[in-house]
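In: I'd like to go over a predicted model; first the sequence, then the structure.
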Amino acid sequence: MSNKKILLTGGLGYIGSHTAVSLLNSGYDVAIIDDLSNSHIEVKDAIQKITGKKIDVIIGDCGKAEDINRAFEECGPIYAVVHFAGFKAVGESVHKPLKYYKNNLESAIETINACFKYGCKNFIFSSSATVYGNAQRMPIVESDLLSYTQPYGETKLVIENMLCGICKAEKDFNVIMLRYFNPVGAHESGLIGEDPNGIPNNLMPYITKVAVGKLEKLTIFGSDYPTPDGTCVRDFIHITDLAEGHVKAVDKIGHLENNIEAVNLGRGKGVSVKELVDTFNEISNGACKAVYGPRREGDVPVSYADVKKANEVLGWKARLGVKDMCISAYKWELSHMEKK
Ligand code: WQD
């Protein structure tokens, strides 16, 4: 009997590629559709090299019916879809909202349409802690109030609401919405990792580029927050733990009490920006020069997850710590810089 095949939209990206590796290592077959708008085709070879297994890759836009249908036609039958595809730069979404509404919503709608067209009943959605907006109560629980502060987060929330409406109408359509906190780090091989185009918006890729001399110094945005050391607190989670959380979701989908569930994927621990930078400098012999600067507009002081539901519903818990995240991110940047 052949293995269940999982279709990853945007599967050549940071989270998609790590999830592909974990799914393959867990006995699933993997197909990917990716338009390479924020990823690189070389990632296909890296995934195959790490796992020793072949994957199908369709270069196309899952927001176009003819492309996503081609993926199902050529790679099917598909047991489950994990929908990663979408633009994800919070800052850019503020300046180009229509680009985000069009791309992120069309990608989701066309992919869900194709699931129904080809009889795929299982849909896992790459959501984000950003749907909690400016949450005040910590740790954040899945049933807490949802809101958004920028168009990127708004698209995630709109898609979540669409999925709720679809699952109410279609009781045999199963959905798990995974709300990521702050994914950081890279696969232990150093062959795949976070590879943002241009100057990174996110913290860890900025740190590693400073550490290898591609950028001069890190500016820590704000040191006057109401937190123990004055810098923001986040729930940083190792990308490998995050990927394993997706495998658990694929394992469990269709066997849960409800046909739609939202689940936080975090470590459930708050770590400050300064603590992360200090840990990185511990493992890199002080490679990241950092200075304090003004707050960044839109940042929330504290955000970390309640992870009870992930443990109870998915049987998943993050294992790796902040040091592992820093070591793996640094190894990726060092190995990756040789290629560029
Ligand atoms: C983390 C902390 C910054 C860069 C965003 C999205 C979220 C998810 C992850 C997609 C903040 C500080 C950062 C720098 C800094 N993405 N920082 N100097 O904003 O928590 O979450 O990315 O799903 O949806 O909202 O992540 O890495 O940008 O920032 O001091 O050069 O690091 O102020 O406190 P964020 P981040």
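Out: Received, thanks. Nothing here was measured: the structure is a model prediction, and the numbers come from that model.
In: Name the residues of the stretch 101-250 of the chain found near the ligand, please.
Out: Proximity of the stretch 101-250 of the chain to the ligand is confined to 128, 130, 180, 182, 201-203, 206, 218-221, 232, 234 under the rule C-beta under 6 Å from any ligand atom. For every residue, glycine as well, the C-beta is placed using N, CA and C.
In: who touches the strand or helix carrying residue 333?
Out: Residue 333 belongs to helix 322-337 when assigned by DSSP states H and E. For helix 322-337, contacts defined as C-beta atoms under 8 Å, 6 or more residues apart in numbering pick out 184-188, 190-195, 204-205, 207-209, 211-212, 214, 236, 238-240, 271, 275-276, 279-280, 282-284, 287.
In: Can you tell me, leaving aside adjacent residues, what's nearest to residue 26?
Out: Nearest non-adjacent residue to residue 26, counting by C-beta to C-beta, 6 or more residues apart in numbering: residue 247, 4.9 Å away.
In: what packs against the helix or strand encompassing the one you found?
Out: Assigned by DSSP H and E, residue 247 belongs to helix 239-252. The contact analysis (3 or more C-beta pairs under 8 Å, 6 or more residues apart in numbering; DSSP states H and E) places helix 239-252 against helix 14-25, strand 80-83, strand 122-128, strand 174-180, strand 182-184, strand 260-265.
In: okay but residue 3 is in contact with residue 29, surely?
Out: Yes. With contact defined as C-beta atoms under 8 Å, residue 3 reaches residue 29; the gap is 4.5 Å.
In: circling back: if you look at the residues of the stretch 101-250 of the chain next to the ligand, which of them are in strands?
Out: Among those, the members falling in strands are 128, 180, 182, 218, 219, 220, 221, 234 (criterion: DSSP state E).
In: So residue 238 is in contact with residue 184, correct?
Out: Yes. Counting by C-beta under 8 Å, residue 238 touches residue 184, with 7.0 Å between them.
In: Can you add mean neighbour count and mean pLDDT and give the helices and strands packed on helix 239-252 back as CSV?
Out: CSV is the format used below for the helices and strands packed on helix 239-252 (neighbours: other C-beta atoms under 10 Å; pLDDT from 0 to 100):
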stretch, mean neighbour count, mean pLDDT
helix 14-25, 26, 98
strand 80-83, 27, 98
strand 122-128, 24, 98
strand 174-180, 24, 98
strand 182-184, 24, 98
strand 260-265, 24, 98
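In: more crowded one of residue 3 and residue 29?
Out: More neighbours surround residue 29 than the other of residue 3 and residue 29, with 19 against 14 (other C-beta atoms under 10 Å).
In: Helices of this structure, residue ranges please.
Out: Secondary structure of the chain by DSSP state H: the helices cover 14-25, 42-51, 65-75, 90-95, 97-117, 151-169, 203-211, 239-252, 273-283, 308-309, 322-337.
In: What's the local residue count around residue 295?
Out: Residues lying near residue 295 (other C-beta under 10 Å) number 13.
In: And it, how far from the ligand?
Out: Relative to the ligand, residue 295 is positioned 7 Å away (C-beta to the nearest ligand atom, to the nearest Å).
In: which ones are touching the residue nearest to that residue when sequence neighbours are not counted?
Out: Distances taken as C-beta to C-beta, 6+ apart place residue 222 nearest to residue 295, at 3.6 Å, with adjacent residues excluded. Taking C-beta under 8 Å, 6+ apart, we find residue 222 in contact with 230, 231, 232, 292, 293, 294, 295, 296, 299.
In: Assess the claim that the second one and residue 278 are in contact.
Out: No. With contact defined as C-beta under 8 Å, residue 231 and residue 278 do not form a contacting pair (10.3 Å).
In: the more surrounded of those two?
Out: A count of neighbours by other C-beta under 10 Å puts residue 231 above the other of residue 231 and residue 278, at 21 against 15.
In: can you tell me which residues contact residue 265?
Out: Residues near residue 265 by C-beta under 8 Å, 6+ apart: 178-181, 237, 241-242, 245, 305, 307, 310, 316, 318.
In: do residue 237 as well
Out: 180, 181, 182, 183, 184, 265, 266, 267, 318.
In: Which of the helices and strands in the protein ranks last by mean pLDDT?
Out: Here the helix or strand of the chain ranked lowest by mean pLDDT, DSSP states H and E is helix 90-95, holding a mean of 90.
In: returning to what we had before: mind listing what's buried along the helix holding residue 333?
Out: Within helix 322-337, the residues scored as buried using 16 or more other C-beta atoms under 10 Å are 322, 324, 325, 326, 327, 328, 329, 330, 331, 332, 333, 336.
In: Just give the closest residue to residue 5, not the sequence neighbours.
Out: Residue 5's closest residue in space is residue 29 (C-beta to C-beta, 6+ apart), at 4.2 Å.
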